[in-house]
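In: Here's a sequence, model it:
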Amino acid sequence: MNAPLPTAPARLMRHVLTAALAIAWTAAPAVQASAAGTPVLGVVKFQDETGALPFQGGIGRVLTNILTNELAARPVFTVVERRRLAAVLEEQDLGTSGRVQPGDGPRIGQLTGADYLVMGTVTAFQPGVETRAVRGGFAGIGGSRRSETAYLAIDLRVVDTESGEIRYARSIEGRTTRTATSVQVGLGGAGLGYEAFKSEADARVVRAAVIEVIDYLECAMVRRDGCMAGYAEKDRRRVDATRRAIDLDHDTRKRSR
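Out: Residues are numbered from 1 along each chain as shown. All right, here's what the predicted structure looks like:
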């Protein structure tokens, strides 16, 4: 004998219970993380305004992926899974370009469980800003030692999803150098061991910037101690160096002539 079909109210109740369980299961990791006292972060894709293409997919995408992985490895943070965050952004028609508008933060936070959204802009990337080569050798065996320096600048923003306000902001600039040796055999011989390292300085400066971002976030959001004085001093030196990069008084005198 066949079982009777459920009535319309019973079917409705079943759908409601199923939806409630699905929502509870999705939000559970974020709720548990919040209860543990660790900030829950969602990393939005960093915008890239440089036009540089040192890596496949662009420097903004690579920086975002590295930042997400490195943040997740720090026990003081809980990170919303990238695919889950991207799905929410897409569903809410916000895109994944990093251009989250004011007022979107609370909605994203409610749907993902994120306390903060980490976002930013890559404002400068210059590979090979300084190249040094020293050549030498004898008896037909020659070689050279070469250094490549890459430069990167990031404007970082951290949005509080509850208030929608930018809670933390910082500009990060840095350089890193990679050195390698090339060996040449015979007159006019081809160099060996050069090409493999040419992009390593680019990769190193990106990862170094990511570590600087995470160290700063841990200091500002978790430790909240005297470590902030060190970052204030770094910012002071960065601003002073920027001021020295242009002689505004000299430019004014030239224009007045």
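
In: make it CA atoms for all contacts and neighbour counts henceforth
Out: OK.

In: for the stretch 151-257 of the chain, what spans make up the helices?
Out: For the stretch 151-257 of the chain, applying DSSP state H, counting those that start in this stretch gives helices covering 200-217, 227-244, 248-256.

In: and those, which is most packed in?
Out: helix 200-217 (a mean of 19; mean count of other C-alpha atoms under 10 Å).

In: what's the distance between the closest residue in space to Asp115 that isn't next to it in sequence and Pro75?
Out: For Asp115, ignoring the flanking residues on the chain, the nearest one in space by C-alpha to C-alpha, 6 or more residues apart in numbering is Val40 at 5.1 Å. Here Val40 is placed at a distance of 11 Å from Pro75 (C-alpha to C-alpha, to the nearest Å).

In: Redo the helices of the stretch 151-257 of the chain as JSON lines? Include mean pLDDT and distance to Thr161.
Out: Converted to JSON lines, the helices of the stretch 151-257 of the chain look like this (pLDDT from 0 to 100; distance: least, C-alpha to C-alpha, whole Å):
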{"stretch": "helix 200-217", "mean pLDDT": "89", "distance to Thr161": "16"}
{"stretch": "helix 227-244", "mean pLDDT": "92", "distance to Thr161": "23"}
{"stretch": "helix 248-256", "mean pLDDT": "55", "distance to Thr161": "40"}
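
In: what's the closest of those to Ser147?
Out: Taking C-alpha to C-alpha, helix 200-217 is the member of these nearest to Ser147, at 9.0 Å.

In: Quick one: list the elements packing against that closest one.
Out: Here helix 200-217 touches helix 59-73, strand 141-160, strand 166-185, going by 3 or more C-alpha pairs under 8 Å, 6 or more residues apart in numbering; DSSP states H and E.

In: Please save the CA atoms from the second one in PDB.
Out: Pointing back at strand 141-160 there. Output of strand 141-160 as PDB, limited to C-alpha atoms (Å, rounded to 0.1, in the frame of the first residue of the first chain):
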ATOM      1  CA  ILE A 141      85.900  30.700 -18.900                       C
ATOM      2  CA  GLY A 142      84.000  33.700 -17.900                       C
ATOM      3  CA  GLY A 143      81.000  34.600 -15.800                       C
ATOM      4  CA  SER A 144      79.000  37.400 -14.300                       C
ATOM      5  CA  ARG A 145      77.100  38.100 -11.100                       C
ATOM      6  CA  ARG A 146      73.800  40.000 -11.600                       C
ATOM      7  CA  SER A 147      71.300  41.500  -9.200                       C
ATOM      8  CA  GLU A 148      67.700  42.400 -10.000                       C
ATOM      9  CA  THR A 149      65.600  44.600  -7.800                       C
ATOM     10  CA  ALA A 150      61.800  44.800  -8.000                       C
ATOM     11  CA  TYR A 151      59.500  47.500  -6.500                       C
ATOM     12  CA  LEU A 152      55.900  47.200  -5.300                       C
ATOM     13  CA  ALA A 153      53.400  49.600  -3.700                       C
ATOM     14  CA  ILE A 154      50.000  48.600  -2.200                       C
ATOM     15  CA  ASP A 155      47.200  50.700  -0.700                       C
ATOM     16  CA  LEU A 156      45.500  48.400   1.900                       C
ATOM     17  CA  ARG A 157      42.000  48.900   3.300                       C
ATOM     18  CA  VAL A 158      40.100  46.800   5.900                       C
ATOM     19  CA  VAL A 159      36.400  47.400   6.100                       C
ATOM     20  CA  ASP A 160      34.300  46.600   9.200                       C
END
